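**Q** pasting the structure only:
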(Lines give C-alpha, C1' and ligand atoms only; values in the text may rest on other atoms or scores of the structure.)
Protein backbone atom coordinates (compact mmCIF):
# COMPACT_ATOMS: atom_id res chain seq x y z
CA UNK A 1 0.00 0.00 0.00
CA UNK A 2 2.76 2.48 0.94
CA UNK A 3 5.39 1.04 -1.36
CA UNK A 4 5.72 4.16 -3.51
CA UNK A 5 4.67 6.75 -0.91
CA UNK A 6 7.36 6.36 1.76
CA UNK A 7 10.45 8.51 1.18
CA UNK A 8 11.87 8.65 4.73
CA UNK A 9 12.39 5.38 6.59
CA UNK A 10 13.86 4.57 10.02
CA UNK A 11 14.38 0.86 10.69
CA UNK A 12 14.86 -0.80 14.07
CA UNK A 13 15.49 -4.54 14.03
CA UNK A 14 14.81 -6.66 17.11
CA UNK A 15 14.45 -10.38 17.56
CA UNK A 16 13.03 -11.00 21.02
CA UNK A 17 12.65 -14.71 20.33
CA UNK A 18 16.37 -14.86 19.45
CA UNK A 19 15.67 -17.50 16.81
CA UNK A 20 17.93 -15.71 14.33
CA UNK A 21 21.23 -13.91 15.01
CA UNK A 22 20.52 -10.17 14.94
CA UNK A 23 23.28 -9.52 12.42
CA UNK A 24 21.75 -12.05 10.00
CA UNK A 25 18.28 -10.65 10.54
CA UNK A 26 19.45 -7.07 9.99
CA UNK A 27 21.26 -8.00 6.79
CA UNK A 28 18.18 -9.83 5.50
CA UNK A 29 15.86 -6.89 6.24
CA UNK A 30 18.25 -4.36 4.70
CA UNK A 31 18.45 -6.47 1.57
CA UNK A 32 14.66 -6.24 1.12
CA UNK A 33 14.19 -2.51 1.81
CA UNK A 34 15.14 -1.18 -1.61
CA UNK A 35 13.05 -3.86 -3.32
CA UNK A 36 9.92 -3.09 -1.34
CA UNK A 37 10.19 0.68 -0.72
CA UNK A 38 11.09 1.93 -4.17
CA UNK A 39 10.79 5.66 -3.35
CA UNK A 40 12.99 5.84 -0.24
CA UNK A 41 15.44 8.75 -0.30
CA UNK A 42 16.32 8.96 3.42
CA UNK A 43 17.18 5.76 5.28
CA UNK A 44 18.37 5.28 8.87
CA UNK A 45 19.28 1.71 9.74
CA UNK A 46 21.01 0.53 12.92
CA UNK A 47 23.02 3.67 13.55
CA UNK A 48 22.92 3.82 17.34
CA UNK A 49 25.48 2.49 19.84
CA UNK A 50 23.39 -0.27 21.34
CA UNK A 51 23.19 -4.03 20.98
CA UNK A 52 19.54 -3.68 19.95
CA UNK A 53 20.66 -2.09 16.69
CA UNK A 54 22.73 -4.75 14.91
CA UNK A 55 25.31 -4.29 12.19
CA UNK A 56 25.18 -5.06 8.49
CA UNK A 57 27.45 -7.43 6.65
CA UNK A 58 27.02 -6.31 3.04
CA UNK A 59 29.28 -8.98 1.58
CA UNK A 60 26.47 -11.44 2.29
CA UNK A 61 24.13 -9.62 -0.10
CA UNK A 62 24.09 -9.49 -3.90
CA UNK A 63 25.09 -5.99 -5.00
CA UNK A 64 21.98 -5.52 -7.13
CA UNK A 65 19.61 -5.58 -4.13
CA UNK A 66 21.46 -3.40 -1.60
CA UNK A 67 21.58 -0.15 -3.49
CA UNK A 68 19.13 2.46 -4.72
CA UNK A 69 20.01 5.36 -6.97
CA UNK A 70 17.35 7.47 -5.21
CA UNK A 71 19.06 7.52 -1.81
CA UNK A 72 20.34 10.97 -0.84
CA UNK A 73 20.69 10.47 2.94
CA UNK A 74 21.94 7.22 4.48
CA UNK A 75 22.65 6.44 8.15
CA UNK A 76 23.82 2.89 8.73
CA UNK A 77 25.87 0.72 11.08
CA UNK A 78 28.09 -1.82 9.33
CA UNK A 79 30.23 -4.71 10.46
CA UNK A 80 33.44 -3.91 8.57
CA UNK A 81 35.07 -0.81 7.10
CA UNK A 82 34.97 -2.73 3.82
CA UNK A 83 31.16 -2.50 3.97
CA UNK A 84 31.48 1.27 4.27
CA UNK A 85 33.58 1.40 1.11
CA UNK A 86 31.04 -0.74 -0.77
CA UNK A 87 28.45 1.96 -0.14
CA UNK A 88 30.75 4.58 -1.69
CA UNK A 89 31.45 2.84 -5.00
CA UNK A 90 29.19 5.13 -7.03
CA UNK A 91 25.95 3.15 -7.19
CA UNK A 92 24.42 5.53 -4.62
CA UNK A 93 25.34 8.38 -6.93
CA UNK A 94 22.77 10.87 -5.59
CA UNK A 95 23.81 10.41 -1.96
CA UNK A 96 24.90 13.69 -0.38
CA UNK A 97 24.88 12.65 3.31
CA UNK A 98 26.47 9.45 4.62
CA UNK A 99 26.58 8.67 8.34
CA UNK A 100 28.28 5.34 9.07
CA UNK A 101 29.26 3.51 12.24
CA UNK A 102 31.87 0.77 11.80
CA UNK A 103 32.28 -2.17 14.17
CA UNK A 104 35.64 -3.45 12.90
CA UNK A 105 38.47 -2.36 10.64
CA UNK A 106 39.66 -5.20 8.44
CA UNK A 107 42.31 -5.59 5.77
CA UNK A 108 42.86 -2.93 3.14
CA UNK A 109 40.27 -3.08 0.37
CA UNK A 110 40.59 -2.21 -3.30
CA UNK A 111 37.15 -0.74 -3.95
CA UNK A 112 36.84 2.11 -6.43
CA UNK A 113 35.45 5.16 -4.63
CA UNK A 114 33.17 7.66 -6.39
CA UNK A 115 32.05 10.64 -4.31
CA UNK A 116 30.72 13.16 -6.80
CA UNK A 117 27.78 14.48 -4.74
CA UNK A 118 28.82 13.72 -1.16
CA UNK A 119 28.61 16.86 0.99
CA UNK A 120 28.32 15.48 4.55
CA UNK A 121 30.25 12.50 5.88
CA UNK A 122 30.34 11.01 9.38
CA UNK A 123 32.60 8.08 10.33
CA UNK A 124 32.31 6.69 13.85
CA UNK A 125 33.75 3.64 15.58
CA UNK A 126 34.47 2.47 19.10
CA UNK A 127 36.94 -0.11 17.81
CA UNK A 128 40.65 0.66 17.57
CA UNK A 129 41.97 0.92 14.03
CA UNK A 130 45.62 0.28 13.19
CA UNK A 131 45.09 1.12 9.51
CA UNK A 132 44.19 4.79 9.86
CA UNK A 133 46.95 5.97 7.52
CA UNK A 134 46.32 3.23 4.95
CA UNK A 135 42.53 3.26 4.87
CA UNK A 136 40.90 6.31 6.42
CA UNK A 137 43.23 9.13 5.36
CA UNK A 138 43.22 8.13 1.65
CA UNK A 139 39.41 7.95 1.73
CA UNK A 140 39.03 11.38 3.34
CA UNK A 141 41.48 12.96 0.90
CA UNK A 142 39.08 12.04 -1.91
CA UNK A 143 36.22 13.98 -0.30
CA UNK A 144 37.18 17.38 -1.66
CA UNK A 145 33.55 18.55 -1.94
CA UNK A 146 32.62 18.01 1.71
CA UNK A 147 30.93 20.80 3.65
CA UNK A 148 30.59 18.87 6.92
CA UNK A 149 32.86 16.17 8.37
CA UNK A 150 32.41 14.20 11.60
CA UNK A 151 35.03 11.75 12.91
CA UNK A 152 34.91 9.62 16.06
CA UNK A 153 37.96 7.35 16.00
CA UNK A 154 40.37 5.38 18.18
CA UNK A 155 43.72 5.02 16.43
CA UNK A 156 46.37 2.57 17.60
CA UNK A 157 50.02 1.69 16.96
CA UNK A 158 51.16 4.99 15.47
CA UNK A 159 54.53 6.62 16.01
CA UNK A 160 53.07 10.14 16.14
CA UNK A 161 49.87 11.68 17.43
CA UNK A 162 46.89 12.60 15.27
CA UNK A 163 46.63 16.22 16.34
CA UNK A 164 45.88 19.64 14.91
CA UNK A 165 48.85 19.95 12.58
CA UNK A 166 48.38 16.45 11.16
CA UNK A 167 44.64 16.92 10.59
CA UNK A 168 45.19 20.22 8.82
CA UNK A 169 48.06 19.06 6.59
CA UNK A 170 46.80 15.58 5.69
CA UNK A 171 43.01 16.02 5.54
CA UNK A 172 41.55 19.51 5.95
CA UNK A 173 43.88 21.09 3.39
CA UNK A 174 42.16 18.94 0.74
CA UNK A 175 38.67 20.20 1.66
CA UNK A 176 38.34 23.78 0.50
CA UNK A 177 34.53 23.77 0.89
CA UNK A 178 34.49 22.41 4.44
CA UNK A 179 32.50 24.53 6.88
CA UNK A 180 31.97 22.21 9.86
CA UNK A 181 34.43 19.74 11.39
CA UNK A 182 33.27 17.75 14.43
CA UNK A 183 35.65 15.21 15.92
CA UNK A 184 36.59 13.01 18.86
CA UNK A 185 39.94 11.33 18.15
CA UNK A 186 42.11 9.22 20.43
CA UNK A 187 45.62 8.19 19.36
CA UNK A 188 47.72 5.58 21.14
CA UNK A 189 51.40 5.70 20.19
CA UNK A 190 53.90 2.94 20.92
CA UNK A 191 57.70 2.73 20.89
CA UNK A 192 57.87 6.39 19.97
CA UNK A 193 60.84 8.74 19.91
CA UNK A 194 58.57 11.74 19.49
CA UNK A 195 59.49 14.69 21.69
CA UNK A 196 57.12 15.04 24.63
CA UNK A 197 54.30 17.38 23.71
CA UNK A 198 52.07 19.56 25.84
CA UNK A 199 48.31 19.91 25.66
CA UNK A 200 48.80 23.21 23.82
CA UNK A 201 50.91 21.44 21.20
CA UNK A 202 48.12 19.04 20.20
CA UNK A 203 45.58 21.88 20.04
CA UNK A 204 47.75 24.03 17.79
CA UNK A 205 46.31 25.06 14.38
CA UNK A 206 42.70 25.06 15.59
CA UNK A 207 43.27 27.95 18.06
CA UNK A 208 39.72 27.74 19.43
CA UNK A 209 36.71 25.41 19.53
CA UNK A 210 38.93 22.47 20.43
CA UNK A 211 40.36 20.85 23.54
CA UNK A 212 42.57 17.88 24.28
CA UNK A 213 45.16 16.34 26.54
CA UNK A 214 48.04 13.85 26.54
CA UNK A 215 48.91 10.96 28.84
CA UNK A 216 52.35 9.36 28.95
CA UNK A 217 52.88 5.75 30.00
CA UNK A 218 55.94 3.62 30.74
CA UNK A 219 57.81 1.95 27.86
CA UNK A 220 57.55 4.98 25.57
CA UNK A 221 53.80 4.77 25.12
CA UNK A 222 51.41 7.71 24.99
CA UNK A 223 47.77 8.59 24.48
CA UNK A 224 46.36 11.76 22.94
CA UNK A 225 42.66 12.69 23.13
CA UNK A 226 41.55 15.59 20.93
CA UNK A 227 37.96 16.76 20.49
CA UNK A 228 36.00 19.66 19.03
CA UNK A 229 33.89 22.10 21.06
CA UNK A 230 31.05 22.44 21.65
CA UNK A 231 30.90 18.65 21.84
CA UNK A 232 27.73 17.50 20.06
CA UNK A 233 28.13 13.72 19.90
CA UNK A 234 26.30 11.30 22.20
CA UNK A 235 29.34 9.06 22.65
CA UNK A 236 32.78 10.18 23.85
CA UNK A 237 35.85 7.98 23.85
CA UNK A 238 37.31 7.02 27.24
CA UNK A 239 38.67 9.86 29.38
CA UNK A 240 41.58 9.83 31.83
CA UNK A 241 42.51 11.78 34.95
CA UNK A 242 44.04 14.46 32.71
CA UNK A 243 40.69 15.20 31.09
CA UNK A 244 40.31 19.02 31.19
CA UNK A 245 36.62 18.91 32.08
CA UNK A 246 33.87 21.13 30.78
CA UNK A 247 30.17 20.92 29.98
CA UNK A 248 29.12 18.04 27.73
CA UNK A 249 25.33 18.08 27.71
CA UNK A 250 24.92 15.82 24.68
CA UNK A 251 27.10 12.93 25.90
CA UNK A 252 25.14 9.84 26.93
CA UNK A 253 27.92 7.26 27.02
CA UNK A 254 31.63 7.23 27.84
CA UNK A 255 34.10 5.42 30.12
CA UNK A 256 37.13 6.19 32.28
CA UNK A 257 40.69 5.01 31.76
CA UNK A 258 42.92 5.00 34.86
CA UNK A 259 45.94 2.80 34.14
CA UNK A 260 48.40 5.35 35.55
CA UNK A 261 46.66 6.85 38.56
CA UNK A 262 43.19 6.53 39.99
CA UNK A 263 40.52 9.18 39.57
CA UNK A 264 40.22 11.55 42.48
CA UNK A 265 36.99 12.50 44.21
CA UNK A 266 37.05 15.98 42.67
CA UNK A 267 36.73 14.51 39.18
CA UNK A 268 33.20 13.26 39.92
CA UNK A 269 31.88 16.46 41.47
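**A** Looks like it came in fine. The structure presented is a predicted model; accordingly, all values stated were derived computationally and were not measured.
**Q** any idea how far residue 105 is from residue 132?
**A** 8 Å (Cβ to Cβ, to the nearest Å). C-betas here are computed from N, CA, C, even on glycine.
**Q** same question for residue 11.
**A** Distance from residue 11 to residue 132, counting by Cβ to Cβ: 30 Å.
**Q** of the two, which one has the most company?
**A** Each of residue 11 and residue 132 has its neighbours counted (other Cβ atoms under 10 Å); residue 132 has more, 19 against 16.
**Q** you'd agree residue 83 is in a helix?
**A** Yes: per DSSP: H, G, I helix; E, B strand; the rest coil, residue 83 lies within a helix segment.
**Q** could we number from 812 for the rest of this?
**A** Fine by me, first position is 812 from now on; the one you just mentioned is residue 894.
**Q** that one: neighbouring residues, count only.
**A** The number of residues packed near residue 894 is 26, by other Cβ under 10 Å.
**Q** flag the shaky bits of the protein, pLDDT-wise.
**A** In the predicted model of the chain, residues 812-814, 824-838, 857-878, 918-922, 1002-1008, 1013-1016, 1018-1019, 1069-1080 satisfy pLDDT under 70.
**Q** which residues in it form helices?
**A** For the chain, the helices defined by DSSP state H occupy 833-847, 892-897, 948-952, 975-981, 1010-1014.
**Q** ok, and the closest non-adjacent residue to the residue nearest the centre of the chain?
**A** Nearest to the geometric centre of the chain sits residue 935, at 1.5 Å (Cα atoms, centre = their mean). Nearest residue to residue 935, sequence neighbours excluded (Cβ to Cβ, 6 or more residues apart in numbering): residue 963, at 4.0 Å.
**Q** which ones are touching the one you found?
**A** 934-936, 994-996, 1044, 1046, 1048 (Cβ atoms under 8 Å, 6 or more residues apart in numbering).
**Q** can you tell me how far it sits from residue 840?
**A** 26 Å.
**Q** now swap in residue 853 and tell me
**A** 17 Å.
**Q** same question, residue 1033
**A** Per Cβ to Cβ, residue 1033 is found 43 Å from residue 840.
**Q** enumerate every residue touching the closest residue to residue 815 other than its chain neighbours.
**A** Nearest non-adjacent residue to residue 815, counting by Cβ to Cβ, 6+ apart: residue 850, 5.1 Å away. Residues counted as contacts of residue 850 (Cβ under 8 Å, 6+ apart) are 814-818, 881.
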